[in-house]
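*Asks:* This is a predicted model, with the sequence first.
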Amino acid sequence: MHPFDETLLDDPGRRDEVDRTDYLRSLAGAGALVREVTGRVDGDLAEPLRRLAADRPRAVHVVAVGGTRLAADLACSLTRHSGVLVTTGAGSALPGWIGPLDLVVAISLSGAADGPVAQAYEAARRGASVLTVGAPGGPLADAAARARGVHVEVTGRSDHTHRVARSRTAAWAAAVPVLRALQLAGLLEAGATPFDELADTLDEVAERARPDAEYFVNPAKTLALDLADRSPLVLADGPVTSVAASRAAAMLHRTSRVPASWGRLPDDAGEIVACLSGPAAGSPDGSGGGVFADPYLDGAAPARPLALVLLREPEGVEVEGVDHGLTRSVRRAAEHSGVRVVEQHARAGADLVRVASLAAMLDLATAYLALGHGLDPGRVPGLDDITGERA
């Protein structure tokens, strides 16, 4: 991997040479794609979805691969108070307990990923209700037809022509029909799916972090600089921000090609604090070694010291399951150990909006992190062959 070059981020010509797949533009279009899918879900598809969700399911199983796992995580998080079991999966085996009283949601934007397709066909065979999301036609749409279910098309757009959507950049649009079906089934409150606010939030983040905004006024570029020479440890302060943390770790892996881990407070407090005093923590002065470090006096610095990325609920807002005091204690422990702390606060609003405000910014930061290292953020050699998706 090339050394990180922050000057590349502000040079349109060099940036475009690296971003050959136009990945930044695809990320910026997430809000528009959400509006497009919302229009169809609340228009022509409204009645089919209403029939599908007419009977409250005994349980819901969401199978998704690649970037669309965001939709599965959102489904689990937003229905946590519904009293209905919501599970997720990605493999080819449908859980044995699923039957005619259950709803199975299968997402594959290519329409052909092995896990979602196999589970959708098996769900149809068992008589479960089936909702599929992905490209028009193909095996996944056929599985929905066999189950007399609903297939929602989600595609990308390039020069006014349809193409298979990239799972990372179209994940928010893929979540729209899933969340609408759960709402119609009575698993979500009426205000839990403000798709217009979701689209506005995605647009707002894209505007703040647009490529032509120089790094010192661009929060996503600044975040990329903070993580350029570090191993990220992403920590959420509660159940809602944990969705963004999981997404951030996945995007660091897939987009930036940087190993990362994530956790959630209070469950993972012990493991996180233990890491903060380990060999990857850095030095007590926060330098992580640095150009002035003396390896004979100070000890050798880790090759890539830790950075703690704290994803937090809005400042001053009390949220169920969030202990702000514990979060501050973990931050102090990190600072005392010389670990760089990067803190991101969610925008106030519904759960869906808060997740989007964090995750969308990190999506762009991971793209800039890849670009700074000379890597095309939209193309990972061999990845599509392994996942069966256009990652």
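*Replies:* Looks like it arrived, so ask away. Keep in mind that this is a model prediction, so the values were computed, not measured.
*Asks:* Please state the backbone phi and psi of the closest residue to residue 323 other than its chain neighbours?
*Replies:* Leaving aside its chain neighbours, residue 323 sits nearest to residue 266 (6.1 Å; criterion: Cβ to Cβ, 6 or more residues apart in numbering). Backbone N, C-alpha and C define where each C-beta goes, glycine included. When quoted as degrees, to the nearest 10, the phi and psi of residue 266 stand at phi -90, psi -10.
*Asks:* My read is that residue 345 contacts residue 316, right?
*Replies:* No - with contact defined as Cβ atoms under 8 Å, residue 345 does not reach residue 316; the gap is 9.9 Å.
*Asks:* The two: who's more crowded?
*Replies:* Summary of the neighbour comparison: residue 345 and residue 316, criterion other Cβ atoms under 10 Å, with residue 345 having more neighbours (18 against 8).
*Asks:* I'd like the distance between that one and residue 236.
*Replies:* As for residue 345, its distance to residue 236 is 12 Å (criterion: Cβ to Cβ, to the nearest Å).
*Asks:* hmm, back to that, does the residue nearest to residue 323 touch residue 325 like I think?
*Replies:* No - counting by Cβ under 8 Å, residue 266 does not reach residue 325; the two are 10.6 Å apart.
*Asks:* The two: which has the busier surroundings?
*Replies:* Legend: neighbour count by other Cβ under 10 Å for residue 266 and residue 325, higher for residue 266 (14 against 8).
*Asks:* Any stretches of the chain with poor pLDDT?
*Replies:* Residues of the chain meeting the criterion pLDDT under 70: 1, 156-165, 282-303, 382-391.
*Asks:* any idea how it splits into domains?
*Replies:* With automatic domain parsing as the criterion, the domains of the chain are listed as 42-191, 199-372.
*Asks:* Tell me which of these lies nearest to residue 7.
*Replies:* Closest of the domains of the chain to residue 7 is domain 199-372, at 9.0 Å (criterion: Cβ to Cβ).
*Asks:* and residue 281, how many neighbours?
*Replies:* Residue 281 has 20 neighbouring residues, counting by other Cβ under 10 Å.
*Asks:* Just give the closest residue to it, not the sequence neighbours.
*Replies:* Nearest non-adjacent residue to residue 281, counting by Cβ to Cβ, 6+ apart: residue 337, 4.4 Å away.
*Asks:* I'd say that neighbour and residue 280 touch.
*Replies:* No - Residue 337 lies out of contact with residue 280 (Cβ under 8 Å); the separation is 10.0 Å.
*Asks:* who has more neighbours, the two?
*Replies:* Set side by side, residue 337 and residue 280 show more neighbours around residue 337, with 20 against 17, by other Cβ under 10 Å.
*Asks:* Next, that one: phi, psi?
*Replies:* Dihedral pair for residue 337: phi -90, psi 0, per degrees, to the nearest 10.
*Asks:* separation between it and residue 331?
*Replies:* Using Cβ to Cβ, residue 337 is found at 11 Å from residue 331.
*Asks:* likewise residue 193?
*Replies:* With distances taken as Cβ to Cβ, residue 193 is found 32 Å from residue 331.
*Asks:* quick one, which of these two is more surrounded?
*Replies:* Between residue 193 and residue 331, residue 193 has the larger neighbour count (other Cβ under 10 Å), namely 25 against 17.
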